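J.: Got a sequence here, can you model it:
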Amino acid sequence: MRITVEVNGLTRESNVEPRTLLSDYLRHELGLTGTHVGCEHGVCGACTVLVDGEAVRSCLTLAVQMSGRSVRTVEDLVPPGQDLNDIQVAFRKHHALQCGFCTPGILMSLAAEQNRPAPCRADALDSVRGHICRCTGYRGIKRVVEEIFAESDAENTP
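T.: Have a look, this model is predicted:
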């Protein structure tokens, strides 16, 4: 099937098999290997990308479902001219990653939360609970959430 999808701000046209997973399309067709595939059941969260701004498990999503939609991967998180975005800087500061395999998915879930109209720590922590990380113990990740979302919590408090 022919699809037209915006990936990281670029319009891509491709012929894909109807059963091609979005994770496979991103990794194998487009060479965007930052999207990792862990469990292939949507449980671990390593494959999380943003579709029209919402966090989605790309291992459970068909590429043909993306036609006419916008997909954002971890490769697109860093603003032009910068080395890291604010979430990535906080990850480094708080030692929130070890092997790094699950990190792209967690970054994408936090980016989705950060882009909400009224982002808050509780929702961000809830989004992280949907990820399995065997290395960090989550303490550093929780410190990242506390740092990144503390200001937005204060702004959203009446």
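J.: May I have the phi/psi pair for the residue nearest to Ala90 when sequence neighbours are not counted?
T.: Closest residue to Ala90 apart from its sequence neighbours, by C-beta to C-beta, 6 or more residues apart in numbering: Val144 at 4.3 Å. (C-beta placed from N, C-alpha, C; glycine too.) With angles defined as degrees, to the nearest 10, Val144 sits at phi -60, psi -50.
J.: Also Leu110?
T.: phi -70, psi -30.
J.: Please name the nearest non-neighbouring residue to it.
T.: Nearest one to Leu110, counting by C-beta to C-beta, 6+ apart, is Ile87 at 5.2 Å.
J.: what does Ala46 give?
T.: Nearest one to Ala46, counting by C-beta to C-beta, 6+ apart, is Gly38 at 3.8 Å.
J.: list the contacts for that neighbour?
T.: For Gly38, the contacting residues are Cys44, Gly45, Ala46, Cys47, Phe101, Cys102, Ile132, by C-beta atoms under 8 Å, 6 or more residues apart in numbering.
J.: ok but Phe91 is inside a helix, no?
T.: Yes: checked against DSSP: H, G, I helix; E, B strand; the rest coil, Phe91 lies within a helix.
J.: surely it meets Leu110?
T.: No: using C-beta atoms under 8 Å as the test, Phe91 is too far from Leu110 to be in contact (9.2 Å).
J.: what residues are shared contacts of those two?
T.: Joint contacts of Phe91 and Leu110 (C-beta under 8 Å, 6+ apart) are Val144.
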